[in-house]
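J.: Pasted the sequence and its predicted model underneath.
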Amino acid sequence: MLRLKIISPERTIFDGEVVRVVVPGIMGMFEILEHHAPIISSLTAGVVSYLSDKQELSEQPVAGGFVEVQKDEVRLCVELS
């Protein structure tokens, strides 16, 4: 299980447990699963999708930002589109 936090300058968009996260990296979409290697990456315009621990798929359009992954914690700072 991953802990996902998505924040924008205006508000916290999501804060909870998820199974996976897919983000629009600058070199293409990539998936983050449990035990992912630590990483910091820029994000481009696109859609962040995540599967909750209740198996509900959610999507959030973003205009850009960055993602940090460390010890099963995923933090996204994004600009909303």
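T.: Perfect, I can see it now.

J.: so where do the strands sit in the chain?
T.: 2-7, 12-25, 28-32, 39-43, 46-52, 57-70, 73-80 (DSSP state E).

J.: Kindly reformat the ones you listed as TSV containing mean neighbour count and mean pLDDT.
T.: Heads up, the C-betas are built off the backbone N, CA and C, glycines and all. Converted to TSV, the strands of the chain look like this (neighbours: other CB atoms under 10 Å; pLDDT from 0 to 100):
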stretch	mean neighbour count	mean pLDDT
strand 2-7	19	98
strand 12-25	17	97
strand 28-32	13	97
strand 39-43	14	97
strand 46-52	18	97
strand 57-70	16	98
strand 73-80	17	97
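
J.: thinking Ala45 is in contact with Ala63, fair?
T.: Yes - applying CB atoms under 8 Å, one finds Ala45 in contact with Ala63, separated by 5.2 Å.

J.: joint contacts of those two?
T.: Shared contacts of Ala45 and Ala63 (CB atoms under 8 Å, 6 or more residues apart in numbering): Ser81.

J.: Beta-bridge partners for the residue lying closest to Glu59 once chain neighbours are set aside, please?
T.: Once flanking residues are discounted, Glu59 sits nearest to Ser49: 4.7 Å by CB to CB, 6 or more residues apart in numbering. Taking DSSP bridges, one obtains Val22, Glu59 as the residues bridged to Ser49.

J.: Pretty sure Ser49 sits against Ser58.
T.: Yes - between Ser49 and Ser58 there is a contact at 6.9 Å, judged by CB under 8 Å.

J.: Contact partners for Val19?
T.: Val19 neighbours (CB under 8 Å, 6+ apart): Met1, Leu2, Leu33, Glu34, Leu51, Ser52, Asp53, Gln55.
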